[in-house]
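Enquirer: Okay, predicted coordinates and the sequence, questions at the end:
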Amino acid sequence: MIEILCVVFFMYVWFETDALVDYGRALRLNKFLDLDGWEKWRDKYPRVGYLEYLSSRHRGFFTKLVSCRSCLNFWLSAIVCHFGIGILWTPAVYLASLFAYNLYVFLLWKLKKS
């Protein structure tokens, strides 16, 4: 159960907050994370998030991995299972955490809407 919660927490912070951008700026990783390019891109396309910018401007395996919810969820599930309950539990943790993450995001959206 703790593995599922860890994956959901990481997914929420990664996809639903600006933590990567904020910590990138705080740690002065602007050049490495291309935050300046994203700022210019955001002036033209204000609704585009940082991960969408990465996947469209810097195409590659790693950027696809970190911007795809299902892909990142699978690899996070595999990592936490490897160090936790065992790698054979990866499919169950993957499905449960994907469901829990989507349910959590949906419920937060409903709360903000009302």
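Expert: Thanks, I have the structure now.

Enquirer: which of the residues in the lowest-mean-pLDDT helix or strand in the chain are buried?
Expert: Ranking every helix and strand in the chain by mean pLDDT, DSSP states H and E puts helix 50-57 at the bottom, with a mean of 83. For helix 50-57, burial by neighbour count (16 or more other Cβ atoms under 10 Å) applies to 50-51, 53-55. Any C-beta I mention is one placed from the backbone N, CA and C, and that applies to glycine too.

Enquirer: and which of those is nearest to Asn73?
Expert: Taking Cβ to Cβ as the measure, Asn73 lies nearest Leu51 of those, at 13.7 Å.

Enquirer: The residue nearest to the closest one when sequence neighbours are not counted and Leu5, how far apart?
Expert: Distances taken as Cβ to Cβ, 6 or more residues apart in numbering place Ser67 nearest to Leu51, at 4.2 Å, with adjacent residues excluded. Here the distance between Ser67 and Leu5 works out to 23 Å (Cβ to Cβ, to the nearest Å).

Enquirer: More neighbours: those two, which one.
Expert: For Ser67 and Leu5, the more surrounded residue by other Cβ atoms under 10 Å is Ser67, and the numbers stand at 20 against 12.

Enquirer: Just give the number of residues close to Lys113.
Expert: Neighbours of Lys113 (other Cβ under 10 Å): 6.

Enquirer: Was I right to think Arg69 contacts Glu16?
Expert: No. The criterion here is Cβ atoms under 8 Å, and Arg69 misses it with Glu16 at 10.5 Å.

Enquirer: Show the average pLDDT along stretch 86-99.
Expert: In this model, stretch 86-99 has a mean pLDDT of 93.

Enquirer: same question, stretch 68-77
Expert: Here stretch 68-77 scores 92 as its mean pLDDT.
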